[in-house]
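Colleague: What follows is a predicted protein model with its sequence.
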Amino acid sequence: GDSVTQMEGPVTLSEEAFLTINCTYTATGYPSLFWYVQYPGEGLQLLLKATKADDKGSNKGFEATYRKETTSFHLEKGSVQVSDSAVYFCALMSAGGGTSYGKLTFGQGTILTVHP
Amino acid sequence: GAVVSQHPSRVICKSGTSVKIECRSLDFQATTMFWYRQFPKQSLMLMATSNEGSKATYEQGVEKDKFLINHASLTLSTLTVTSAHPEDSSFYICSARPARGGPQHFGDGTRLSIL
């Protein structure tokens, strides 16, 4: 079945540092890939997405490129801020139809803490 | 933007009671809604897929009679935790997939604590 593996956290950085959170996936066909962010006590917010190979998703300074050859979708940001402290989830949506359509498979989440 | 409202945000109740959680899409129609459970410092586990006007599809290992799902309209799905016990304490999150297409939108979650 589909699966998503994220680098284990927690990740602690100083403000303005460079961020990378690794994400690799296993899926059949051509899934869509997502990064979600969860702030304390809240639900998930879509951060960015990519729907086909070599697509680059970007939002709020975050970027991730859909790499089919390495089955990866690593999240990067050049200069993090304290307000970026949250839990980040990598996810995929199966390309299959039927009852599996629209289902998201999540990675285990990576806690990011940014210090001033 | 698309908004999903989940209510209540927090509930504390005694063991043996039933708790209903509502998930509403406020500005779009959602033929499909998803219910997730999240344990502390862990990822989201899909519990069931709720389809408007039909029975929910439950994931393996999720008790249908324990977690009752109703999707009576294109903007509302409810999850009822029946005869809740302390082990049911968790963070429950719903999401809604717009009928017009596009990514899922998540509610803010419900923190359920069973004493």
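Modeller: Alright, I've got the coordinates. Please read these numbers as outputs of a predicted model, since none were measured by experiment.

Colleague: Could you pull up the residues touching the nearest residue to residue A:115 once chain neighbours are set aside?
Modeller: Leaving out its chain neighbours, the residue that sits closest to residue A:115 by CB to CB, 6 or more residues apart in numbering or on different chains is residue A:14, at 5.5 Å. From N, CA and C alone the C-beta is placed, and that goes for glycine too. Counting by CB atoms under 8 Å, 6 or more residues apart in numbering or on different chains, residue A:14 touches A:114, A:115, A:116.

Colleague: So which of those residues is the closest to chain B?
Modeller: Taking CB to the nearest CB as the measure, chain B sits nearest to residue A:114 out of those, at 18.3 Å.

Colleague: quick one: the closest one from residue A:86, how far?
Modeller: 9 Å (CB to CB, to the nearest Å).

Colleague: Repeat that for residue A:115.
Modeller: For residue A:115, the distance to residue A:86 (CB to CB) stands at 14 Å.

Colleague: can you check residue B:96 too?
Modeller: Going from residue B:96 to residue A:86 by CB to CB gives 22 Å.

Colleague: higher neighbour count, those two?
Modeller: Taking neighbours as other CB atoms under 10 Å in any protein chain shown, residue B:96 and residue A:86 compare with residue B:96 leading, 30 against 20.

Colleague: Next, that one: secondary structure please.
Modeller: strand (DSSP: H, G, I helix; E, B strand; the rest coil).

Colleague: which residues touch the residue nearest to it when sequence neighbours are not counted?
Modeller: Nearest residue to residue B:96, sequence neighbours excluded (CB to CB, 6+ apart): residue B:30, at 3.7 Å. Counting by CB under 8 Å, 6+ apart, residue B:30 touches B:52, B:74, B:75, B:77, B:96, B:97, B:98, B:99.

Colleague: Hmm, residue B:32 and the second one touching each other?
Modeller: No. Under the criterion of CB atoms under 8 Å, residue B:74 is not in contact with residue B:32, lying 10.0 Å apart.

Colleague: mind checking how far residue B:97 is from chain A?
Modeller: Per CB to the nearest CB, to the nearest Å, residue B:97 is found 5 Å from chain A.

Colleague: Correction: the previous question concerned residue B:98.
Modeller: Distance of residue B:98 to chain A, computed by CB to the nearest CB: 10 Å.

Colleague: Could you do residue B:81 as well?
Modeller: Per CB to the nearest CB, residue B:81 is found 18 Å from chain A.

Colleague: Also residue B:33?
Modeller: Separation of residue B:33 from chain A (CB to the nearest CB): 10 Å.

Colleague: Report the beta-bridge partners for that residue.
Modeller: Per DSSP bridges, the residues bridged to residue B:33 are residue B:50, residue B:96.

Colleague: Could I get the contacting residues of it?
Modeller: Residue B:33 neighbours (CB under 8 Å, 6+ apart): B:23, B:25, B:49, B:50, B:71, B:77, B:94, B:95, B:96, B:97.

Colleague: tell me which parts of chain B are close to chain A?
Modeller: Within reach of chain A by CB under 8 Å from any CB of the partner chain, chain B has these residues: B:4, B:6, B:32, B:34, B:41-44, B:46, B:49, B:57, B:93, B:95, B:97, B:103-109, B:111.

Colleague: repeat that for 7 Å
Modeller: Selection of chain B residues close to chain A by CB under 7 Å from any CB of the partner chain yields B:6, B:32, B:42-44, B:46, B:49, B:57, B:93, B:97, B:103-104, B:106-109.
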